[in-house]
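Trainee: give me coordinates for this.
(chains A and B)
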Amino acid sequence: DTGVSQDPRHKITKRGQNVTFRCDPISEHNRLYWYRQTLGQGPEFLTYFQNEAQLEKSRLLSDRFSAERPKGSFSTLEIQRTEQGDSAMYLCASSFEGSPLHFGNGTRLTVT
Amino acid sequence: GENVEQHPSTLSVQEGDSAVIKCTYSDSASNYFPWYKQELGKRPQLIIDIRSNVGEKKDQRIAVTLNKTAKHFSLHITETQPEDSAVYFCAASKPTGNQFYFGTGTSLTVIP
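Mentor: Reported below is the predicted structural model:
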């Protein structure tokens, strides 16, 4: 499968713990996006990379959230000191300039 | 920023009937409008898209129309089938393609 892959698929953590998610985009795509989706809502933009540069961050992204794309390939999203309100599906997507977004299957985070 | 509104939030149709989902956007600079289908527990998948230089695009039973003046676009599904049941999201993007703004989704149920 040459699509966008995300790991893990599910993560259950206790409040206050740190979690890290990984996204591997489609290899020829230079743009990588992180979105958050809660039940009954559309995907909400979190952040965007072009190659290794993080070009935009949503105001939704608090200081507890950090994303990296060190070599312009895979990306990681870390949430520190998780809160129950962080429970959601975290979707990664990639694209090549001007092309549609291709989504991964997401990481479902549950904070207990 | 851009604001995308989507209606209705839920839609039930009899198999074989047509379904129409409507979206409006606020930023006249938006020029690319994709539609995604998301089945339960799966990733959003692109089903059709339209750019602002055309008013209509069709792909078999699916069509999208765009009215740039009124800033609204619609998804039309004809001869609906049970496998069309899913949540559908519209989105809008500007020429830079840095962000895709999503609607809140329409849950479509096709009744056999």
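Trainee: now check stretch A:100-111, is it near chain B?
Mentor: Yes. Using CB under 8 Å from any CB of the partner chain, stretch A:100-111 reaches chain B at A:Pro100, A:Leu101, A:His102, A:Phe103, A:Gly104, A:Asn105, A:Gly106. (Each C-beta comes from the backbone N, C-alpha and C, glycine too.)
Trainee: and the end-to-end length of that stretch?
Mentor: Stretch A:100-111 has an end-to-end distance of 32 Å (CA to CA, to the nearest Å).
Trainee: list the buried residues of that stretch.
Mentor: By neighbour count on 16 or more other CB atoms under 10 Å in any protein chain shown, the buried set for stretch A:100-111 is A:Pro100, A:Leu101, A:His102, A:Phe103, A:Gly104, A:Asn105, A:Gly106, A:Thr107, A:Arg108, A:Leu109, A:Val111.
Trainee: coming back round to it: tell me the least confident of the residues of stretch A:100-111 next to chain B?
Mentor: Comparing pLDDT over the residues of stretch A:100-111 next to chain B, the lowest score belongs to A:Pro100 (87).
Trainee: let me see the contact set for the residue of chain A found nearest chain B.
Mentor: In chain A, the residue that lies nearest chain B is A:Gly42 (3.5 Å; CB to the nearest CB). The neighbours of A:Gly42, taking CB atoms under 8 Å, 6 or more residues apart in numbering or on different chains as the test, are B:Val4, B:Gln6, B:Phe89, B:Ala91, B:Phe102, B:Gly103, B:Thr104, B:Gly105.
Trainee: what about chain A: which of those residues touch it?
Mentor: Residues shared between the contacts of A:Gly42 and the neighbourhood of chain A are B:Val4, B:Gln6, B:Phe89, B:Ala91, B:Phe102, B:Gly103, B:Thr104, B:Gly105 [CB under 8 Å from any CB].
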